[in-house]
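> Let me see the structure of the following:
(one chain, ligands or ions: 1)
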Amino acid sequence: MTTQYDEAKRLLPIIAAAARADQHLTYQIAAQRLGRPKNNARTIAQVCDLLDAAAAFADVPLLALTTVLTADLRVNPAAWADIEPEIRNAIINRSRNDRFTNPEIKAIDAALDRLKGYSNRTAWPYLATLMPSGERRLRLAGVGTADYSDAIDDLGTDSPGVTTFEGKRYARDPQVRAAVIRRAGGKCEYCGKLGFKCVNGSRYLECHHILALADDGADRMTNVIAICPGEHREVHFGKRRAAMEAEMIAKVKDAEALRSTKPAE
Ligand SMILES: [Zn+2]
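Coordinates of the predicted model:
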């Protein structure tokens, strides 16, 4: 079976050559260069997303994002669609303005090898375990993180992790998180065990977006569950993750039904 990784390895030199020559490809043309039918554009978009995960891993601007475009020569509108437009524009501009030197291409290639076995869908959550995705987005945008000291993000969140931008406050994520932690009352909403005790006396639980925001999951209490850290990793990387996801959807539904019968705090 041909994997995304295999195709990414073949596609990287093709995209790199185009970028160095200041040319663009479209998903259709990239498909043809790989000997695939033109209607494989969607598959190619996924391969490009994996290549960009490798670029992010290597701390290099995103090569595929601005080199492989839609049929009408636009940056894929689905890419980074869920983040502040200013940050999205900054990520795109940084990639457009990069010359993609040989060392950068080599770094992307090496990072890709470290992502062997991952798809674009699993690579980004994996990267988020190494660096909060909000911080990574700011790095990709070339923005210093000093102004974003209260950026909040953690494993599994596909939200921007930026709570302030140019004076505007996006408080949705911390509020949802706090409300879910209140709903859990210290107990894991998946297995029912108490979280361990923190120095401040609270119980430790992690909030997980059941459907990632990137997959149109809502940033709502109905889509967020407070769980043990081990289960949090398992639901991202474990063999049972699909089954766990289904169980979590059911458990949150029950928790929300129970909450709606209680008087508001
Ligand atoms: Zn648990």
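> how about the residues of the stretch 101-250 of the chain near the ion?
Within reach of the ion by CB under 5 Å from the ion, the stretch 101-250 of the chain has these residues: 188, 190-191, 228, 231. Just so you know, the C-beta spots here come from the backbone N, C-alpha and C atoms, and that holds for glycine as well.
> Pick out whichever of these sits closest to residue 118.
Taking CB to CB as the measure, residue 118 lies nearest residue 231 of those, at 20.5 Å.
> Give the closest residue to residue 202 in space, chain neighbours not counted.
Closest residue in space to residue 202, ignoring its immediate chain neighbours: residue 186 at 7.4 Å, by CB to CB, 6 or more residues apart in numbering.
> how close does the one you found sit to the ion?
Between residue 186 and the ion the computed distance is 12 Å (CB to the ion, to the nearest Å).
> likewise residue 46?
Taking CB to the ion, one finds residue 46 at 32 Å from the ion.
> Now do the end-to-end distance for stretch 28-42.
Counting by CA to CA, to the nearest Å, you get 9 Å between the two ends of stretch 28-42.
> same question for that stretch, mean pLDDT?
Averaged over stretch 28-42, pLDDT sits at 92.
> which residues in the stretch 101-250 of the chain form helices?
102-114, 120-130, 133-141, 172-184, 229-237, 241-261 (DSSP state H, counting those that start in this stretch).
> Between those, which one is closest to residue 84.
Residue 84 sits nearest to helix 133-141 of all the helices of the stretch 101-250 of the chain, at 9.0 Å, using CB to CB.
> Quick check: which ranges of the stretch 101-250 of the chain have low pLDDT?
Low-confidence segments of the stretch 101-250 of the chain (pLDDT under 70): 144-174, 212-218.
> Let's see that with 50 instead.
Scanning the stretch 101-250 of the chain with the threshold set as pLDDT under 50 gives 145-172.
> Not counting stretch 5-20 itself, show me its contacts.
For stretch 5-20, contacts defined as CB atoms under 8 Å, 6 or more residues apart in numbering pick out 24-25, 30, 33-34, 43-44, 47-48, 50-51, 54, 63-64, 67-68, 99-100, 105, 108-109, 112, 115-118.
> ok, now stretch 238-252?
The contact list for stretch 238-252 (CB under 8 Å, 6+ apart) reads 189-190, 208, 210-211, 221-225, 227, 231, 234-235.
> Let's have the helices of the stretch 101-250 of the chain in JSON lines, adding mean neighbour count.
JSON lines is the format used below for these (neighbours: other CB atoms under 10 Å):
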{"stretch": "helix 102-114", "mean neighbour count": "16"}
{"stretch": "helix 120-130", "mean neighbour count": "18"}
{"stretch": "helix 133-141", "mean neighbour count": "22"}
{"stretch": "helix 172-184", "mean neighbour count": "17"}
{"stretch": "helix 229-237", "mean neighbour count": "17"}
{"stretch": "helix 241-261", "mean neighbour count": "13"}
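> Now render the ones you listed as a markdown table, adding distance to residue 92.
Converted to a markdown table, the helices of the stretch 101-250 of the chain look like this (distance: least, CB to CB, whole Å):
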| stretch | distance to residue 92 |
| --- | --- |
| helix 102-114 | 17 |
| helix 120-130 | 17 |
| helix 133-141 | 9 |
| helix 172-184 | 23 |
| helix 229-237 | 27 |
| helix 241-261 | 31 |
